[in-house]
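**Student:** Okay, here's the prediction I keep looking at, along with the sequence it came from:
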Amino acid sequence: MSSSAPPRDEILLAFQKFDLNVDGRISKKEFLKALQRPGGGDPLSDTEAAALFSTMDKDGDGSIDPEEFASTYGEVQRWVPLAVGDPALKDAFIAFCSFGKAGSEELDNAKFAKLCKEARLLDKRFTKTDVDLTFSKVCPKGQRKLGFAQFESALSAIAAKKGVPVGEVHAAVAAASPVNHGTKASNDAVVAHFTDASKYTGAHKERFDADGRGKGLAGRDSVPKGQGHVPAGGLASLAD
């Protein structure tokens, strides 16, 4: 393969766009369906698409295997961007991109790690360390975020690392959604002691009614009166 040839990762990603049932082969039906664009209209007519399929199906067995696809990739390369992927996968990608920042369509390392966690992709074969390594591997040089194409490459890398079909990883991600894991208010014994009126005794207990509500001034054992100063006649002048 010459230096100008597309990288194998690109070819693999393109193959996955056409292999809709993830069985490792592209049927004629899958090939035609993948080239249908959302919103109507086709990049190729049925006749043209069927002729292209026949060209790529070199052994004429009615399907295109990975080797045939790679060797004839140049025939279909221009149409790959129009191939329809799983819309649920794109929706999940946008949801995580937009988590905490509405409208974003790029995924940073932190959100990628969150996605991997929420999709339950982590295990002994694919660890937190692998999450960072995968992100660094597919992230374009000089950038810190992934577009959808790089994200799909990352999922392919994850599938290879875990030793599972890429469709399995896609399904897990498509079913995931970002969750806000906020901290919960403490309710331990110490806090409960100070918020439970029944814990108070003696004079302090009289400050609360039967329902535990504070009585305010009525609950104090003494209430200050007057203006808070001693009259000119001294304390004796206060006596009746």
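**Tutor:** Thanks, I have it. Residues are numbered from 1 along each chain as shown.

**Student:** ok, and for the host helix or strand of S136, which residues are buried?
**Tutor:** Here S136, judged by DSSP states H and E, is contained in helix 128-138. By neighbour count with 16 or more other C-beta atoms under 10 Å, helix 128-138 contains the buried residues D130, V131, T134, F135, V138. Using the backbone N, CA and C atoms, a C-beta is placed for each residue, glycine as well.

**Student:** ok, the first one touching K161?
**Tutor:** Put plainly, it is D130. Yes - using C-beta atoms under 8 Å, D130 makes contact with K161 at a distance of 6.0 Å.

**Student:** D132: what's it in contact with?
**Tutor:** For D132, the contact set (C-beta atoms under 8 Å, 6 or more residues apart in numbering) comprises N109, A113.

**Student:** And it, how far from I64?
**Tutor:** Distance of D132 to I64, computed by C-beta to C-beta, to the nearest Å: 35 Å.

**Student:** for I26, same thing?
**Tutor:** 4 Å.

**Student:** again with T47
**Tutor:** Taken as C-beta to C-beta, the span from T47 to I64 is 18 Å.

**Student:** more crowded one of those two?
**Tutor:** Using other C-beta atoms under 10 Å as the criterion, T47 and I64 rank with I64 on top: 26 against 8.

**Student:** so the more buried one touches L52, yeah?
**Tutor:** No - with contact defined as C-beta under 8 Å, I64 and L52 do not form a contacting pair (10.2 Å).

**Student:** what do the two both touch?
**Tutor:** Residues touching both I64 and L52 (C-beta under 8 Å, 6+ apart): F31.

**Student:** Now do the same for S156: its pLDDT.
**Tutor:** On pLDDT, S156 comes in at 82.

**Student:** now it, nearest residue through space, not along the chain?
**Tutor:** Spatial nearest neighbour of S156, chain neighbours left out: V166 (5.3 Å); criterion: C-beta to C-beta, 6 or more residues apart in numbering.
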